[in-house]
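Colleague: have a look at this prediction, sequence included:
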Amino acid sequence: MKNLDEYKTTWENDEVHVDVPFSAAGVGTTIVLTSKFTGKIMLLDVGDGAVRDLLISLESSEFINEIDLIAISHGHFDHVGGLYTLFGFMRMLGREKPLNIIIPPNCKEAIEIIKGFRELHQETLPFKIWYHEISPGSDFDTDFFKVKAYEVEHYSLEHATETEILEPAHGYRVQIGGTVVAYTGDTRLCPGAEEIVTDASLAVIEATHLETPKSTRRVHLSVEEAKTLGALAKEFMLIHSIPKLK
């Protein structure tokens, strides 16, 4: 992974700046939405290295007080692995505002990270951390971001069974002013993924595979499939590629 610029991308209009400081399958993904009206920030997933990437891309630790909301797509380590570090960084720098995190129902990995951090630092934690398990089709609004969750199909490899088991996994549509940013999370082609991206101002779509796998047990999209989804949105960007190891 010598050229890290291959794993980042940005987009903006008059209302919102979208920054993907880093996204690679099996390593980490974090997406930063910054409202140009208020300066408030929403994070879509918090993969490993998120704090480092935020410090580099935002060039200030002040973002710790501007993060209004976090949405987690699913519990795989490359999408939640940076949560504990982010909480610790916020605690170290004295964040006081409550932090709301939305997750798919029964997203055990995210729940355990949140509960573990709260329990360990319960006497010295200067801010509240709340998580909300929201069902597909549910809305979660703050003063700055309006979010709708959609169920996507992300096959899990963690279960020792021949039966197909899908991860609790969501994609999201986020409205900032009149702009709609869609995020598929990790998914295969499914009705939920299509619904998420349709007519969005920007669709952020995972495109893990260079070629479409033949297996019926599909975990991720291919570039071709991701571009097909992207055509349903006004604009799109592809993220979450398999890292180049040489």
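Modeller: That came through fine. Numbering: from 1, shown residues only.

Colleague: for the chain, what spans make up the helices?
Modeller: 50-58, 63-66, 77-80, 83-92, 108-120, 191-197, 223-230 (DSSP state H).

Colleague: got the buried residues for the last one?
Modeller: Spelled out, that is helix 223-230. 223, 225, 226, 229, 230 (16 or more other Cβ atoms under 10 Å). (Glycine included, C-beta is placed from N, CA and C.)

Colleague: once you drop chain neighbours, what's closest to the third one?
Modeller: Of all residues beyond its chain neighbours, the one nearest residue 226 is residue 207 (3.6 Å), with distances taken as Cβ to Cβ, 6 or more residues apart in numbering.

Colleague: now for the one you found: which residues touch it?
Modeller: Taking Cβ atoms under 8 Å, 6 or more residues apart in numbering, we find residue 207 in contact with 221, 222, 223, 225, 226, 227, 238, 239, 240, 241.

Colleague: same check, this time on residue 140
Modeller: Residue 140 makes contact with 69, 100, 102, 132, 134, 147, 149 under the criterion Cβ under 8 Å, 6+ apart.

Colleague: tally of neighbours for the nearest residue to residue 68 once chain neighbours are set aside?
Modeller: Setting aside the residues directly before and after it, residue 68 is nearest to residue 40 in space (Cβ to Cβ, 6+ apart), at 4.4 Å. With neighbours defined by other Cβ atoms under 10 Å, the count for residue 40 comes to 18.

Colleague: distance of residue 119 from residue 62?
Modeller: Separation of residue 119 from residue 62 (Cβ to Cβ, to the nearest Å) stands at 28 Å.

Colleague: hang on, the earlier thing: most tightly packed of the helices of the chain?
Modeller: helix 77-80 (a mean of 22; mean count of other Cβ atoms under 10 Å).

Colleague: thanks a lot, catch you later.
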